[in-house]
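Peer 1: Test case, fold it:
(one chain, ligands or ions: 1)
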Amino acid sequence: MSELQTIIDNSRSIVFFGGAGVSTESGIPDFRSVDGLYNQKYDVPPETILSHEYFFSYTEEFYRFYRDKMLCLYKKPNTAHLKLAELEAAGKLTAVVTQNIDGLHQAAGSKTVYELHGSVHRNYCRECHKSFDAQFMLDSVGVPRCDCGGLIKPDVVLYGEQLDDYTVTKALEAIQSCDTLIVAGTSLTVYPAAGFIRYFRGNKLVLINRDPTPYDGSADVVIHGKVGEILKEITV
Ligand code: APR
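Peer 2: Below is the predicted model of the structure:
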């Protein structure tokens, strides 16, 4: 912890790269932990349901799962989200790059957030591009449709879909130009997102994760623990 505090004190441009483990202390399960979404029993594996193919082939079933498991709209930011917003306000953190789609970093006050996998808070009609909020999607029944009759799709990167070019470019720029990269709450197993940390050129790579990751060996500091509890101890 004292090493992490020293690194943060000496950093002028921190970037935070996070995953589902950043939101578990807000009550949103992650995907691959033993109690994660992908280890819960379903007729169809969640990774199949959350795919481009399944969305268009079994839209009603997709939305049943999506409303039930992916729309956690009443969860609040935890100390990890709040501390990161504090570090940004203090001019020490330049960007949050997240794989999460829950919007909790923005809810905590973070301004520069690159959502590599999109957000449940953005939903668009595929015909007229009218936008709808997450509450509309949660309240919808069956397949949500626009008043023009078009199918509404969440702005979330499903398996088999491309990441947004602009978001990727900005996230990589941030990672390439920061002096400290803090990676937390991610199993670093889903590409291309997991490969982004290879673009880091700065001084200190810090990995905070409850379970070991494939990148533990290349980090300067590895802390196995809960990121909310750990960041709570940091003074800005
Ligand atoms: N503090 C620190 N680490 C935690 C915490 C916590 N409170 N809770 C869970 N973790 C760790 C787990 O040990 C696990 O290694 O967070 C990691 C979460 O890994 P995943 O569940 O694989 O989530 P993530 O890495 O974000 O998944 C990447 O996969 O399905 C896709 O698009 C989805 O964005 C997601 C992507």
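Peer 1: and the one helix or strand residue 206 maps to, which strands flank it?
Peer 2: Residue 206 is part of strand 204-208, with elements assigned from DSSP states H and E. Sheet pairing of strand 204-208 (DSSP bridges) gives strand 180-184 (parallel), strand 221-223 (parallel).
Peer 1: any residue of the helix or strand just after the shortest one up close to the ligand?
Peer 2: Right, the one you point to is strand 221-223. Next along the chain after strand 221-223, taking DSSP H and E as the criterion, comes helix 227-232. Yes: part of helix 227-232 sits near the ligand under the criterion C-beta under 6 Å from any ligand atom, namely 227, 228. Quick note: C-beta positions are derived from backbone N, CA and C, even for glycine.
Peer 1: for the strands paired with strand 204-208, which one ends up most surrounded?
Peer 2: Mean neighbour count, computed with mean count of other C-beta atoms under 10 Å, is highest for strand 180-184 among these, reaching a mean of 26.
Peer 1: Dump that strand to PDB, restricted to CA.
Peer 2: C-alpha atoms of strand 180-184 as PDB (Å, rounded to 0.1, in the frame of the first residue of the first chain):
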ATOM      1  CA  THR A 180       1.500   5.300 -14.300                       C
ATOM      2  CA  LEU A 181      -1.100   2.800 -15.500                       C
ATOM      3  CA  ILE A 182      -3.300   1.200 -12.800                       C
ATOM      4  CA  VAL A 183      -5.100  -1.900 -14.000                       C
ATOM      5  CA  ALA A 184      -7.800  -3.200 -11.700                       C
END
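Peer 1: oh, and call the first residue 695 from now on, that's how I've got it
Peer 2: From this message on, residue numbering opens at 695, which makes the last subject strand 874-878.
Peer 1: That one: how far from the chain's middle?
Peer 2: What separates the centre of strand 874-878 from the centre of its chain is 14 Å, taken as C-alpha atoms, centre = their mean, to the nearest Å.
Peer 1: Columns mean pLDDT and distance to residue 775 on top of the strands paired with strand 898-902, output as CSV?
Peer 2: Below are the strands paired with strand 898-902 laid out as CSV (pLDDT from 0 to 100; distance: least, C-beta to C-beta, whole Å):
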stretch, mean pLDDT, distance to residue 775
strand 874-878, 98, 11
strand 915-917, 97, 18
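Peer 1: Now distance to the ligand too, for those, in a markdown table please.
Peer 2: Shown next, in a markdown table, are these (distance: least, C-beta to the nearest ligand atom, whole Å):
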| stretch | distance to the ligand |
| --- | --- |
| strand 874-878 | 6 |
| strand 915-917 | 9 |
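Peer 1: For the spatially most central residue of the chain, which residues are in contact?
Peer 2: Of all residues in the chain, the one closest to the mean position by C-alpha atoms, centre = their mean is residue 794, 1.8 Å from it. The contact partners of residue 794, by C-beta atoms under 8 Å, 6 or more residues apart in numbering, come to 712, 713, 714, 716, 717, 809, 811.
Peer 1: what helix or strand does the residue of the chain positioned farthest from its centre sit in?
Peer 2: The C-alpha centroid of the chain is most remote from residue 842, which lies 31.5 Å away (C-alpha atoms, centre = their mean). Under the criterion of DSSP H and E, residue 842 resides outside all helices and strands.
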